[in-house]
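K.L.:
below: sequence and its predicted model.
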Amino acid sequence: GENVEQHPSTLSVQEGDSAVIKCTYSDSASNYFPWYKQELGKGPQLIIDIRSNVGEKKDQRIAVTLNKTAKHFSLHITETQPEDSAVYFCAASSGYKYIFGTGTRLKVLA
Amino acid sequence: DTGVSQNPRHKITKRGQNVTFRCDPISEHNRLYWYRQTLGQGPEFLTYFQNEAQLEKSRLLSDRFSAERPKGSFSTLEIQRTEQGDSAMYLCASSWGLADTDTQYFGPGTRLTVL
């Protein structure tokens, strides 16, 4: 069935360093890849997304890259700050249903 | 635009009781989704509405679960005869569009604890 694998499950970085989270999807029909940030007790908040006709997208300190051939996509956060600490989820979709990864807990150490 | 709202935020119930959750989507969003999230996992799709029509139900949604979206506005998710395995965060999301894939915006969720 459809599946999204996400790594690593936890990631600790020093403030100011970069963080990279990687996802792999199984459904070759997937054409939309959003990333969400979830803080404790809150719902997922969209931080960036990319569609299959684009290889890379950047928004200030956040960027996402997509390799359709390998079915990989990655989230890059540069110049990390303590407020970036949260759980990050990737998702893949070929229609209205999102398939989420299992999440990455990012800790930014001051 | 106040975002997606969900009520209640927390619900504690005893096994066997019925519970109902409400979701108010972003105004004029025509699509509404319900997901379930258990601890340490990503959200899992439960069901989807386009306007008032329920177009898909996941196999996760047993006969004890029912969702409605009267008049294509707010939605309710009811769980009958709750079981301890129903304990989870229930998330609602909404989107606007006619394309196959829209950007979904999530509410804060309702955390259900079944004792």
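P.N.:
Yep, it's here. Residues are numbered from 1 along each chain as shown, chains lettered A, B, ... in the order given.

K.L.:
alpha carbons only for contacts and neighbour counts from here, please
P.N.:
Will do.

K.L.:
now chain B against chain A: closest residue?
P.N.:
Nearest to chain A in chain B, going by CA to the nearest CA, is residue B:108, at a distance of 4.0 Å.

K.L.:
what is the burial count for that residue?
P.N.:
23 (other CA atoms under 10 Å in any protein chain shown).

K.L.:
show me what contacts residue A:29?
P.N.:
When contacts are counted by CA atoms under 8 Å, 6 or more residues apart in numbering or on different chains, residue A:29 touches residue A:94.

K.L.:
three-state assignment of it?
P.N.:
coil (DSSP: H, G, I helix; E, B strand; the rest coil).

K.L.:
what does chain B put close to chain A?
P.N.:
B:40-45, B:48, B:91, B:100-103, B:105-109 (CA under 8 Å from any CA of the partner chain).

K.L.:
and the helix or strand hosting residue A:92, which residues are buried?
P.N.:
Assessed by DSSP states H and E, residue A:92 sits inside strand A:86-93. Of all the residues in strand A:86-93, those buried under the rule 16 or more other CA atoms under 10 Å in any protein chain shown are A:86-93.

K.L.:
and it, what does it pack against?
P.N.:
In terms of contacts (3 or more CA pairs under 8 Å, 6 or more residues apart in numbering or on different chains; DSSP states H and E), strand A:86-93 is packed against strand A:4-7, strand A:32-38, strand A:98-100, strand A:104-109.

K.L.:
and the strand or helix carrying residue B:33, what does it pack onto?
P.N.:
Here residue B:33, judged by DSSP H and E, is contained in strand B:31-37. Here strand B:31-37 touches strand B:44-50, strand B:88-95, going by 3+ CA pairs under 8 Å, 6+ apart.

K.L.:
please identify the deepest-packed of those strands.
P.N.:
Of all the helices and strands packed on strand B:31-37, strand B:88-95 carries the top mean neighbour count, a mean of 26, counting by mean count of other CA atoms under 10 Å in any protein chain shown.
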